[in-house]
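Undergrad: A structural model of the following input is requested.
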Amino acid sequence: ITATQTPALSVVKTADPTSYTAAGQTIGYTYVVTNSGNVTVSAPFTVADDRATVTCPATPTSLAPGESITCTATYTTTQADVDAGSVTNTASGSGVDPNGDPVTSPTTTATITATQTPALSVVKTADPTTYTAAGQAIGYTYVVTNTGNTTLVAPFTVADDKATATCPATPTSLAPTESITCTATYTTTQTDVDAGSVTNTASGSGVD
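TA: Numbering: from 1, shown residues only. Here you go, the predicted structure:
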């Protein structure tokens, strides 16, 4: 009397943590590989993941129907992952059936989302810091810094209510903590001398 053999494996993948906020963060993956068929499946048990190297324990060396083995992996996020907004990876588990043939599970995917917080800051300085007459030129320097966690791209601009600011053509993108320096000049007027001071307001812009 012959048996109808249906060797099969399934994989359930989980991630911890389930979100990330920066490059360099470690995500731990757990893969529960279960014998979902009706015959014993033997080692070597492996899990192939398109983003991580998975390690499976040496024991058990076989799985009866319904039994499981747990494999693990880690993945370190990159700036590209933060910019993309998520990391999705695909994995499948394998073992050997009683006839020596490979058994491979269907693929399973997991998506981990990024918490994106794009932001810019501007530090403005003036040279000189005092004036004595109309017609004097004041030079302004604006250091525009990416203070968020995503890469920002050009055009970078600075809007100033008293001067026309110019930003360089390069760099065309700013990774987190990187800066670009823009400049402007303003010529004092007699009204400025009479007022006793010149105050101007500026803000920087880029594209997330």
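Undergrad: Only C-alpha atoms from now on, for both contacts and neighbour counts.
TA: Noted.
Undergrad: mind listing what's buried in stretch 105-121?
TA: By 16 or more other Cα atoms under 10 Å, the buried positions in stretch 105-121 come out as 105, 108, 110, 112-116, 118-121.
Undergrad: Just want the most central residue of the chain.
TA: Residue closest to the average C-alpha location in the chain (Cα atoms, centre = their mean): V82, at 1.5 Å.
Undergrad: That one in helix, strand or coil?
TA: Secondary structure, DSSP: H, G, I helix; E, B strand; the rest coil: V82 is helix.
Undergrad: is it true that it touches Q116?
TA: Yes: using Cα atoms under 8 Å, V82 is in contact with Q116, at 6.9 Å.
Undergrad: Next, show the common contact partners of those two.
TA: 21, 149-150 (Cα atoms under 8 Å, 6 or more residues apart in numbering).
Undergrad: rewinding a little: spit out the contact partners of the residue nearest to the centre of the chain.
TA: Residues in contact with V82 (Cα under 8 Å, 6+ apart) are 20-23, 114-116, 149-150.
Undergrad: Just list the residues touching the closest residue to T21 other than its chain neighbours, thanks.
TA: Spatial nearest neighbour of T21, excluding adjacent residues (Cα to Cα, 6 or more residues apart in numbering): T115 at 5.1 Å. Applying Cα under 8 Å, 6+ apart, we find T115 in contact with 19-21, 82, 85.
Undergrad: of the shared contacts of V82 and Q116, buried ones?
TA: 21, 149-150.
Undergrad: start to end distance for stretch 63-80?
TA: In stretch 63-80, first residue to last residue: 39 Å (Cα to Cα, to the nearest Å).
Undergrad: With stretch 144-151 instead?
TA: 13 Å.
Undergrad: Residues touching it, excluding its own?
TA: Contacts for stretch 144-151 (Cα under 8 Å, 6+ apart): 21-22, 79, 82-83, 116-123, 152, 173-182, 204, 208.
Undergrad: cutoff 7 Å now
TA: Stretch 144-151 is contacted by residues 21-22, 82-83, 116-123, 173-181, 204, 208 when judged by Cα atoms under 7 Å, 6 or more residues apart in numbering.
Undergrad: ranges for the helices of the chain?
TA: 79-84, 190-195 (DSSP state H).
Undergrad: tell me which residues of the last one are tucked away?
TA: In this case it means helix 190-195. By neighbour count on 16+ other Cα under 10 Å, the buried set for helix 190-195 is D192.
Undergrad: between the shared contacts of V82 and Q116, which is closest to T4?
TA: Lowest distance from T4 to the shared contacts of V82 and Q116 (Cα to Cα) belongs to T21, with 50.1 Å.
Undergrad: Cool, thanks, signing off.
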